[in-house]
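Peer 1: Here you go, sequence then predicted model.
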Amino acid sequence: MKNRLHKLLLSGFGALLFAATANADHAIQSSQIREVTEEMTRIARAFLDTVSGEPSNIENAVGYNRRELLALGFEDEARTNYVYWPYLRKGLPLDFMSAQQRMLVHDMLNTALSAKGYLATIQVMQMEKILQDTETTGFPRGTENYTLAFFGIPSDDETWGWRFEGHHLSLNFTVGPGEVSVTPSFHGASPARIPNGTLAGFRNQRGTHEAGLALVNALTEEQRAQAIEDGNPPFDILSGTLNRPASNWDDWLALPAQGIAVATLNAVQKDLAQRILDEVVTTYRPEISASYLAQIDVNDLRFVWFGGTNEGEPHYYRLEGSDFFFEYDLVQGGGNHVHAVWRSKAGDFGADLLMQHRMENHD
């Protein structure tokens, strides 16, 4: 009886200690996120200061107003419309910016992205140069067509948003007091793997590409029968908006559960699923990615695959759970044109932050 009581006391103490540690970790994360959002707000305000006052002589001569292009209302419909194809999108393009403003764009990106994520973003933009030099379609190409937009007034006390977007890139941020949402998060490239020239062999999105192949090829025959779906892989991501009417943009939320549950995998296979998750989320700086990873249990996810399972074969895979949703589509261009997106079923465009804000301020 004495030993049992001793164990119960230790168990209770352990639970209290675990709870205290978890609360402490949450407090540390919240403090770190607040530092990130305050940095975002500070640099956003510095950027807006560069477009204060009357349009410059250059703007008047060319016929544009940088502030009108840059500063949009929080309710502007463009905020919740991510566009990853060549498009004359809202925002202030790099082509219209001064050198000082372009430097501040990079400062903004580094408030949100990890070193890996920042380099991946710049690589997407640099790949656009290849398309600009080789295509004859007349699409707006080139790094000058990437745009920055602010939605609402950057503030430490109110919710606002910002976006950096261009062909094959859409980074969407909603910023609240000490909170930040980073989805949808889209990266793409064509070619996905450069076939010739001095950069032959370079692959954009290499981490998620190799992680997906590693997992599907680590499955047993029985597991592959569950994970791999029959039929051709989707031509594009299923959560995209290209060639879809706005009324169908949320159809992806009703996709049926497919593939194999990660919870049924062995330890090595689960580590490979975790590798995909880590590759996706750590696109963002450690304070942000740690917050997301703390909320996602890999055992709650499912993995589904379409297409070939060998290097070079067109394929599509998805890793998803109750909220986390990641698609990797390598189908177009003979399997050398990649579209990859991370979305949140409940929190895209800061929907979770806005819902929390409404609840906290509901009379």
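Peer 2: Yep, that arrived. Numbers count the residues shown, from 1 in each chain.

Peer 1: can you give me the helices for the stretch 101-250 of the chain?
Peer 2: 115-134, 206-216, 221-227 (DSSP state H, counting those that start in this stretch).

Peer 1: for the ones you listed, which one sits closest to T183?
Peer 2: helix 115-134 (13.4 Å; C-beta to C-beta). Using the backbone N, CA and C atoms, a C-beta is placed for each residue, glycine as well.

Peer 1: Buried residues, the closest one. List them.
Peer 2: Buried positions in helix 115-134, judged by neighbour count with 16 or more other C-beta atoms under 10 Å: 117-118, 120-121, 123-125, 127-128, 130-132.

Peer 1: For that helix, what does the pLDDT average out to?
Peer 2: Mean pLDDT, computed over helix 115-134, is 90.

Peer 1: next one: stretch 56-76
Peer 2: Rounded mean pLDDT across stretch 56-76 is 90.

Peer 1: Can you give me the neighbour number for A346?
Peer 2: If you count neighbours by other C-beta atoms under 10 Å, A346 ends up with 10.

Peer 1: Hmm, D323 and it touching each other?
Peer 2: Yes: using C-beta atoms under 8 Å, A346 is in contact with D323, at 5.3 Å.

Peer 1: show me what contacts A246?
Peer 2: If you count contacts by C-beta atoms under 8 Å, 6 or more residues apart in numbering, A246 has them with N81.

Peer 1: rerun at 6 Å
Peer 2: Applying C-beta atoms under 6 Å, 6 or more residues apart in numbering to A246 gives no contacts.

Peer 1: same deal with T143?
Peer 2: Counting by C-beta under 6 Å, 6+ apart, T143 touches 125, 128.

Peer 1: separation between it and I153?
Peer 2: 28 Å (C-beta to C-beta, to the nearest Å).

Peer 1: And D76, by the same measure?
Peer 2: According to C-beta to C-beta, D76 and I153 sit 13 Å apart.

Peer 1: do the same with G166
Peer 2: In terms of C-beta to C-beta, G166 sits 24 Å off from I153.

Peer 1: between the two, which one's more packed in?
Peer 2: Neighbours of G166 and I153, each counted by other C-beta under 10 Å, are more numerous for G166; the result is 28 against 15.

Peer 1: Which residue comes closest to that one once chain neighbours are left out?
Peer 2: Y146 (3.4 Å; C-beta to C-beta, 6 or more residues apart in numbering).

Peer 1: and if you look at V298?
Peer 2: Spatial nearest neighbour of V298, chain neighbours left out: Q274 (4.8 Å); criterion: C-beta to C-beta, 6+ apart.

Peer 1: if I read this right, that neighbour contacts I296, doesn't it?
Peer 2: No: look at Q274 against I296 with C-beta atoms under 6 Å: they stay out of range, at 9.7 Å.

Peer 1: Looking at the helices of the stretch 101-250 of the chain, which is nearest to P286?
Peer 2: Using C-beta to C-beta, those put helix 115-134 closest to P286, at 10.0 Å.

Peer 1: Figure out how far the closest one is from the centre of its chain.
Peer 2: 16 Å (C-alpha atoms, centre = their mean, to the nearest Å).

Peer 1: What of stretch 281-295?
Peer 2: On C-alpha atoms, centre = their mean, the centre of stretch 281-295 falls 11 Å from the chain's centre.

Peer 1: and it, what's its mean pLDDT?
Peer 2: Average pLDDT, stretch 281-295: 96.

Peer 1: now stretch 250-268
Peer 2: 97.

Peer 1: In it, which residues are buried?
Peer 2: Buried residues in stretch 250-268 (16+ other C-beta under 10 Å): 252, 259-260, 262, 265.

Peer 1: and those residues as TSV, adding secondary structure?
Peer 2: Formatted as TSV, the buried residues of stretch 250-268 follow (DSSP: H, G, I helix; E, B strand; the rest coil):
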residue	secondary structure
W252	helix
G259	coil
I260	strand
V262	helix
L265	coil
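
Peer 1: Mind putting those residues into JSON lines with distance to L242?
Peer 2: Listed next are the buried residues of stretch 250-268 as JSON lines, based on distance: C-beta to C-beta, whole Å:
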{"residue": "W252", "distance to L242": "13"}
{"residue": "G259", "distance to L242": "24"}
{"residue": "I260", "distance to L242": "29"}
{"residue": "V262", "distance to L242": "29"}
{"residue": "L265", "distance to L242": "33"}
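
Peer 1: Among those, which one lies nearest to Y82?
Peer 2: In terms of C-beta to C-beta, no member of the buried residues of stretch 250-268 lies closer to Y82 than W252, at 12.7 Å.

Peer 1: can I assume that closest one is in contact with L238?
Peer 2: Yes: contact criterion C-beta under 6 Å: W252 and L238 qualify, at 5.0 Å.

Peer 1: I'd like the distance from the helix or strand R318 falls within to the chain centre, please.
Peer 2: Using DSSP states H and E, R318 falls within strand 315-320. Put simply, strand 315-320 sits 15 Å off its chain's centre (C-alpha atoms, centre = their mean).
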